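>>> coords below, sequence missing:
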Ligand SMILES: Cc1cc2nc3c(=O)[nH]c(=O)nc-3n(C[C@H](O)[C@H](O)[C@H](O)COP(=O)(O)OP(=O)(O)OC[C@H]3O[C@@H](n4cnc5c(N)ncnc54)[C@H](O)[C@@H]3O)c2cc1C
């Protein structure tokens, strides 16, 4: 299972940041980092694009469907069943038709929402299947370094060389610093787990007005917290479905949480739920009354120590971070502008796969050009003015779209 000989010299060279070029124990054309839904989709789309499975490495510490499988199984989805099914059928190489009908998700009505566990089940099946088609490596990337034509990727077991790396490394909930015990979102969003961390006398401060924050407020009240104090910066925003497009698709409340906020929130007494603007005055006044806090203020991308690229910047239309380095998923989402000009970042399984459908063929084409002896491609060529039509795609992407830092993502 992807174990390889430790390369001590390589490890030292990478760890030190300078010195000799590390000798890689393994080499791939493509290395996908992360086996959450986005990494899964990236592997699937590479295979669908004709990349040989033997030239793809896939690295993750667990291969259990990323954070969805590890943290959010007990959370109710904001996506309807038909979109989850569209994801599962979104790659030929997933081979989902072989298993279709065998999962609880298959029996749901198209418009139903569900516990995320229902989608983790088929995603785990696909993960197991894809592992047999590529080279899975059960480990963690600790450092990336650009060396000549490739990336040297350090892991605790040794160094891997990859011409192209796709980062699908996910994101962590953001936190503020207050001296009040924190209930993690992992507990706050799960109606069963939250019962185990709440005592009847608890007054809980919830920061944020996102989908997560409102879900936490509801769960805490249902779990019997004495009082919830919700500190918000922005008013509640609801996703609005116009049939062929959704306003605030990524940032608005959806599903059961939206129903609850519309129908029940206004009826809850201030003794049970107090909602106040998160200004300094209110925080100084009300936070000392809280025995615990929850932060539902968005997500921030995970990172990996890197030399030769700045992982905080990427092209949010193409996923290009640097030459031969790409990003996708919740860590590197696509930037979209809706019909009335709202700018959002596309987060969600179905959106990840639609995005990869567009960009992976461009990534693979760029990579195969860079390997052609007569057309070395690479950064030097891309810097030249007067590009030939052959190099147009990649250059167009990297030049015309501004590189952007990660936005604060909501869920
Ligand atoms: C509470 C919540 C509810 C959501 N509900 C929905 C929903 O209903 N519908 C929907 O479509 N989307 C939903 N989403 C959004 C999105 O689909 C999930 O966030 C999804 O898990 C993101 O997938 P990902 O693959 O980008 O990241 P992750 O699932 O976080 O996977 C990243 C993987 O990368 C691995 N990794 C990280 N760093 C390294 C490293 N250095 N080396 C090796 N591996 C590494 C991690 O171990 C992990 O396995 C929800 C998100 C949240 C937080």
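Arrived safely, thanks for sending. Note that the coordinates shown come from a computational prediction; the quantities given were computed from them, not determined experimentally. Numbers count the residues shown, from 1 in each chain.
>>> residue numbers of the stretch 251-400 of the chain in contact with the ligand?
By the rule CB under 6 Å from any ligand atom, the part of the stretch 251-400 of the chain lying against the ligand is 302, 304, 329-331, 347-349. Using the backbone N, CA and C atoms, a C-beta is placed for each residue, glycine as well.
>>> state the distance from residue 130 to residue 147.
According to CB to CB, to the nearest Å, residue 130 and residue 147 sit 28 Å apart.
>>> between those two, which is the more surrounded one?
More neighbours surround residue 130 than the other of residue 130 and residue 147, with 25 against 15 (other CB atoms under 10 Å).
>>> the more buried one belongs to a helix, doesn't it?
Yes: Residue 130: assigned to a helix according to DSSP: H, G, I helix; E, B strand; the rest coil.
>>> tell me how many other residues crowd the spatially closest residue to it that is not a sequence neighbour.
Distance criterion CB to CB, 6 or more residues apart in numbering; nearest residue to residue 130, sequence neighbours excluded, is residue 43 at 5.4 Å. Residues near residue 43, counting by other CB under 10 Å, number 32.
>>> so what's the closest residue to the ligand within the stretch 301-411 of the chain up against?
Here the stretch 301-411 of the chain gets closest to the ligand at one residue, residue 329, 2.4 Å apart by CB to the nearest ligand atom. By CB atoms under 8 Å, 6 or more residues apart in numbering, residue 329 lies in contact with 34, 36-39, 168-170, 352.
>>> picking that back up, how about residues contacting the helix or strand the residue nearest to residue 130 falls within?
Using DSSP states H and E, residue 43 sits in helix 37-48. Residues outside helix 37-48 that contact it (CB under 8 Å, 6+ apart): 30, 32-33, 53, 56, 58, 60, 65-66, 68, 87, 90-94, 123, 126-127, 130, 133-134, 166, 168, 170, 328-331, 349, 352-353, 356-357, 360, 364.
>>> avg pLDDT for it?
For helix 37-48, mean pLDDT rounds to 98.
>>> is the ligand within reach of that helix?
Yes: if you take CB under 6 Å from any ligand atom as the test, helix 37-48 does meet the ligand, through 37-39.
>>> mean confidence score for the host helix or strand of residue 358?
Assigned by DSSP H and E, residue 358 falls within helix 349-371. What helix 349-371 shows for mean pLDDT is 91.
>>> go on, stretch 183-198?
Mean predicted lDDT for stretch 183-198 stands at 96.
>>> and that stretch, end to end?
9 Å (CA to CA, to the nearest Å).
>>> list of residues touching that stretch?
Residues contacting stretch 183-198 (CB under 8 Å, 6+ apart): 71-72, 74-75, 173, 204, 206, 212, 215-216, 219-220, 222-225, 292-296.
>>> and for stretch 238-256?
So stretch 238-256 is contacted by 76-80, 113, 210-211, 214, 236-237, 258, 261-262, 338-340, 342, 344-348, 409-410 (CB under 8 Å, 6+ apart).
>>> redo that, cut-off 6 Å
With contact meaning CB atoms under 6 Å, 6 or more residues apart in numbering, stretch 238-256 is reached by 76, 78, 113, 211, 214, 237, 258, 261, 339, 344, 347, 410.
>>> got the contact list for the residue nearest to residue 175 when sequence neighbours are not counted?
In space, and not counting its chain neighbours, residue 175 is closest to residue 295: 4.9 Å by CB to CB, 6+ apart. Shown in contact with residue 295 (CB under 6 Å, 6+ apart): 175-176, 207.
>>> so what's residue 295 scoring on pLDDT?
At residue 295, pLDDT is 98.
>>> who's it bridged to?
Assessed by DSSP bridges, residue 295 has beta-bridge partners residue 207.
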